[in-house]
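Chemist: Predicted model and sequence below, questions to follow.
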Amino acid sequence: MGFWDRLLGREDDPAQAEVEIATAPTADDITASLAGVDQLVSDPAVPAVVRARAHRVTQTVRKTLPRLELLGLGSYDSYSVVATATDYLPEAISAYLRLPRDWADSRPVEGGKTSLLLLIDQLDLLGATMESIYDAANATDAAALIRHGKFLQERFGHAQAPELNLGQP
C-alpha cells in the first residue's frame, strides 16, 4: 500500500479487492463502437476529408465482421479488426477532436504535418489495413470457388458435347 492509498483510506486487503477479468468485445460492442465513431465524425466541425476516411474504415469493418471467424477468432487479423473498431479508430479521432480546430488544422506538430494531416495518414493506414484484412477474409471462399471451377473443368471440360440428332436423318 502506497502513501496515497493510506491517505485516501484504501485498504490493502486482497479479500476486498475486486478481480476484473477482461472479456473480448462482442459483436454488439463492436457495432456500438462503430456507431460511436460515426456519431463523432457527424459533427459539422469535423472536416469532410476526416469524415470520408473514417466512414471508409467503419464500413470495411462492418463488412468484415460477419466473416471474422474465417480469419480465425484468435488470429492477428481478427484482433486487428476488433482493436481498430473499439480502440485505434475511436482514439485517433477523439485525440484530434480534443484539439482546438484552428490549432489542429494549421500548426505543424510532427515532421511539418498538422494534427489534421497526421490523422488523415492514420485513417488511410487503418483503411488500407482493414481492406486488406477484408480481402483475406474473402480469399477462403474465393479459393474454394477457384478449386471447384478447376474440378468442373477437369470433370467436364475435356469431353465434347455429343451432337444430338433429334429425329433428323
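Modeler: Ah, there it is.
Chemist: What ranges does the protein have for its strands?
Modeler: With DSSP state E, the ranges of strands along the chain come out as 108-110, 113-114.
Chemist: do you know which of those strands lies nearest residue 53?
Modeler: Closest to residue 53 of those, according to C-beta to C-beta: strand 113-114, at 15.2 Å. All C-beta atoms are positioned from the backbone trio N, CA, C, and that covers glycine.
Chemist: got a list of contacts for that closest one?
Modeler: Strand 113-114 has contacts (C-beta atoms under 8 Å, 6 or more residues apart in numbering) with 104, 105, 106, 107, 108, 121.
Chemist: Could you give me the ChimeraX syntax to select whichever of those residues are buried?
Modeler: ChimeraX command restricting the contacts of strand 113-114 to the buried ones, with burial defined by 16 or more other C-beta atoms under 10 Å:
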select :104
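Chemist: Among the contacts of strand 113-114, which one lies nearest to residue 64?
Modeler: Nearest to residue 64 among the contacts of strand 113-114, with distances taken as C-beta to C-beta, is residue 121, at 21.7 Å.
Chemist: so who does that closest one touch?
Modeler: Residues in contact with residue 121 (C-beta under 8 Å, 6+ apart) are residue 113.
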